[in-house]
Each structure stands twice: as structure tokens, then as C-alpha cells.
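Q: next input, structure requested:
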Amino acid sequence: MKNLFLSLLTLVAFWNQSSAQEGIPVYFDYLADNYYLVYPSMAGISEGGKIRATARKQWFSVDEAPNLQTLNANFRLGDSNSGIGAIIFNDANGYHAQTGVKLTYAHHLKIGGDDRYLNQLSFGLSPTYLQSSLDESEFRSIDADPSIVGSKISQGYFNVDFGMSYNKMEFYSHFAILNLLESKRSLYRFGRTNPDDVPVIDNLRRYLVSMGYIFGRNEVQIEPSVLFQMTDFTREKTLDINAKIYKDVNFGRIWGGVSYRRSFDGAQFQTDGSFGEQRLQLFTPIIGANIKNFLVSYNYSYQSGDIRFDNGGFHQITLGYDFGQTERKYDCYCPAAQ
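A: Model prediction:
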């Protein structure tokens, strides 16, 4: 019963972040030079290639707490204007879990300027296969409940992500539609006595828009950026406001920053006979270093507000490796494209 309660509460607590969606949740690992995880158009953006692995764990003191692991790689196809990439991921949340794979093709169009001037428009497409599961084998009821199958059920889904990016020297902007196709989310109808009692959700689309600029070309650079996301089915919206600072050192680069996420929509609650409304607010400091071709990063998210499941935060680690590019190609400070 405790684990069942945890599963339900987890879904409610993070409804603003993951409701009516399939695929990789958008957390803050994109700030660790990992924009390809969010935007297909960033596959092969640099002259060489990049590998990134992330691990996220929430509420270490709670059993069956949400956790996420991703592994992705992308690189440019030789001297062409094309890039390819692949992502595999596993996302577990109580009795719910999803695993999937994304394959990406991206094309990059140089708009103007010489070889050292970055002015590029990119398009990307990611076909995705995802397996979603719900383990009801431990659910118990004295009376037969037609809404419970009593075993582990699993359903597969196919969808497509589309993305666009524009990079001009230190400026960048991105747009993506995740889960573009109408793909029925039928997991909760599978094996039910009365499947028609469960609504069919076939709109899993999410829209993402972000932009940023990097100031400074000496040893220290500052990068403000924003990311807006909206879930089409529920119309829920969140905004990330980010700031990072970079410093070049002998072995590479060190950097740090902070992100603030706030939802536009609030959840109502009642306490001591009075009603209130609380919006999702996450504060996320992030630190990292580029050591020669390697990258390591850590971020910690703290949820503020009166209603929280646990006082602990959300920990995430990113490890990376860059290859195939020995020097900066462009006369700009633009880490994602170098």
C-alpha cells in the first residue's frame, strides 16, 4: 500500500513536468552541453562528435523514487552537412517505467559568412520507439477490481520528434515538437474488464522553445538563456530561466550556474480548513568542467513550496566525451557548436 501511495503521489507531484507525455522528461541536463537530448536538430552540430551519459535520482530516502538514465551520441558525417545521433533511455517512477530508443538525422545549412563565421540553420528528425510498462502484480484488493489487471503489463509506441535550431556566432535558438504523431497511449486500457471506461489519449505532443547568448570572449564568459515548454493535451506550461558562467583554465574549462523553473499553472490544496494554490518551483545549481576531451557535471534541484513529498532534492550527474575536433572551428565562443 505504501508503494502504491508513492506511485500515485509521485504522479501528482510531478504532473506539471510529465503529464500525458511519453519520452524523456525535460530536466536540466541540457545545460551540461547536452542540447541534443532535447532538440533533434543539434545532432552533429559540431565538427566532431559528442557522447553524453546522465543519471538522475530523486529522494534517496524513498523506495521506488523516480530515476532516469540516458545515453546518447551524435556526430557529423565527415565533411558533409549532415549529422546523425542515437539516444537510449530508461525512466522509472514507482510501478511505472518506460524505456526507449531514438535515432536522429539532422541537416545543417550554412547561411552566410566565411568558414570561421558561424551562421547556420539546422533541422532534425528523430523516430522513436518506446516501451511503457505498469507493474500491478503487487496490487491487492479484497473485492475484485475490474480496473486492476494484477500482473505486469506493457505496451509499445512509435512516434517522431522534430526540431529546428539557428546558431549565429554567440547567439542560439531552438524549437522542437516532441511526439509529433497521434499515437494512442493505450497502456491503461490493456487487459481491463471495461477498457472503454479508460479515456484514450492520443495527443502526447510537447512544444519546446529556447534561446540564449554568450557574452565575453576573454577568459570569462556569461551565458543567460531561457527554455519554455508546453504540453499540448493539458496546456500546462513551464519556463526555465538560466544563467551560466565559464572560465578557461590550463586543463580546459570550468563552469557553473543556476536555473529557476516555474510553472504557469498551479495545483490547489487544502490544509487546516483553508484552500491554497501552489505552482511548481525548482531551483537548480549546476557545476561542471571540461577536462581536455572529457566533461563532468553535477546539478541538484530543490523544490520549494509548502506542499512537498520529501525534503530531499533531485541529484543528476552527466559524463561526456568529445571527439573528432582538435581545435575551435569558429571565431566565436559557442560551446555547443565547437
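Q: can you give me the strands in the stretch 51-200 of the chain?
A: Applying DSSP state E, counting those that start in this stretch to the stretch 51-200 of the chain gives strands spanning 67-76, 82-93, 96-110, 119-135, 152-168, 171-178.
Q: neighbouring strands - and their directions - for the fifth one?
A: Sheet pairing for strand 152-168, assigned by DSSP bridges, gives strand 119-135 (antiparallel), strand 171-178 (antiparallel).
Q: got the strands of the stretch 51-200 of the chain as JSON lines, with distance to D248 and mean neighbour count columns?
A: (C-beta placed from N, C-alpha, C; glycine too.) Shown next, in JSON lines, are these (distance: least, CB to CB, whole Å; neighbours: other CB atoms under 10 Å):
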{"stretch": "strand 67-76", "distance to D248": "24", "mean neighbour count": "20"}
{"stretch": "strand 82-93", "distance to D248": "27", "mean neighbour count": "19"}
{"stretch": "strand 96-110", "distance to D248": "26", "mean neighbour count": "19"}
{"stretch": "strand 119-135", "distance to D248": "24", "mean neighbour count": "19"}
{"stretch": "strand 152-168", "distance to D248": "21", "mean neighbour count": "18"}
{"stretch": "strand 171-178", "distance to D248": "20", "mean neighbour count": "20"}
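Q: one step back: comparing the strands paired with strand 152-168, which yields the minimum mean pLDDT?
A: In terms of average pLDDT, strand 119-135 trails the rest of those, at a mean of 91.
Q: that strand to strand 96-110, inter-axis angle?
A: Interaxial angle, strand 119-135 versus strand 96-110 (axes from the mean of the first three to the mean of the last three CA atoms, to 10 degrees): 170 degrees.
Q: how far off centre is strand 119-135?
A: Its chain's average C-alpha position is 11 Å from that of strand 119-135, according to CA atoms, centre = their mean, to the nearest Å.
Q: what residues of the helix or strand hosting Q281 count as buried?
A: Using DSSP states H and E, Q281 sits within strand 274-291. Neighbour counts over strand 274-291 (16 or more other CB atoms under 10 Å) mark L280, L282, T284, I286, G288, A289, N290 as buried.
Q: could the strands paired with strand 152-168 go into JSON lines alongside distance to D232?
A: Shown next, in JSON lines, are those (distance: least, CB to CB, whole Å):
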{"stretch": "strand 119-135", "distance to D232": "16"}
{"stretch": "strand 171-178", "distance to D232": "9"}
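Q: quick one: closest of those strands to F89.
A: In terms of CB to CB, the element of the strands paired with strand 152-168 nearest to F89 is strand 119-135, at 8.9 Å.
Q: got the angle for the closest one vs strand 67-76?
A: Using the same axes, to 10 degrees: strand 119-135 against strand 67-76 is 150 degrees.
Q: would S41 count as being in a strand?
A: No - under DSSP: H, G, I helix; E, B strand; the rest coil, S41 sits outside any strand and is assigned helix.
Q: any regions of this protein where pLDDT drops low?
A: Scanning the chain for pLDDT under 70 picks out 1-21, 59-64, 136-138, 140-151, 185-200, 266-278, 305-312, 326.
Q: ok, the residue nearest to A97 when sequence neighbours are not counted - contacts?
A: Closest residue to A97 apart from its sequence neighbours, by CB to CB, 6 or more residues apart in numbering: S133 at 5.1 Å. Neighbouring residues of S133 by CB atoms under 8 Å, 6 or more residues apart in numbering: H96, A97, Q98, K152, I153, S154, Q155, L187.
Q: also I291?
A: F251, G252 are the contacts of I291 under CB under 8 Å, 6+ apart.
Q: nearest to E22 among the strands paired with strand 152-168 would be which one?
A: strand 119-135 (5.4 Å).
Q: hang on, the earlier thing: including distance to Q69, could the buried residues of strand 274-291 go into JSON lines?
A: Converted to JSON lines, these look like this (distance: CB to CB, whole Å):
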{"residue": "L280", "distance to Q69": "23"}
{"residue": "L282", "distance to Q69": "20"}
{"residue": "T284", "distance to Q69": "19"}
{"residue": "I286", "distance to Q69": "18"}
{"residue": "G288", "distance to Q69": "18"}
{"residue": "A289", "distance to Q69": "22"}
{"residue": "N290", "distance to Q69": "22"}
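Q: which of the residues you listed sits closest to D29?
A: Once CB to CB is applied, the member of the buried residues of strand 274-291 that ends up nearest D29 is I286, at 9.1 Å.
Q: where does the residue nearest to the closest one when sequence neighbours are not counted fall, phi/psi-wise?
A: Spatially, and ignoring its direct neighbours in sequence, I286 is nearest to N299 (3.9 Å; CB to CB, 6+ apart). Per-residue torsions, N299: phi -140, psi 150 (degrees, to the nearest 10).
Q: who does N299 bridge with?
A: I286, Q316.
Q: with Y166 instead?
A: Beta-bridge partners, per DSSP bridges, of Y166: L121, S173.
Q: out of the buried residues of strand 274-291, who's nearest F28?
A: Out of the buried residues of strand 274-291, the member with the shortest distance to F28 (by CB to CB) is T284, at 4.9 Å.
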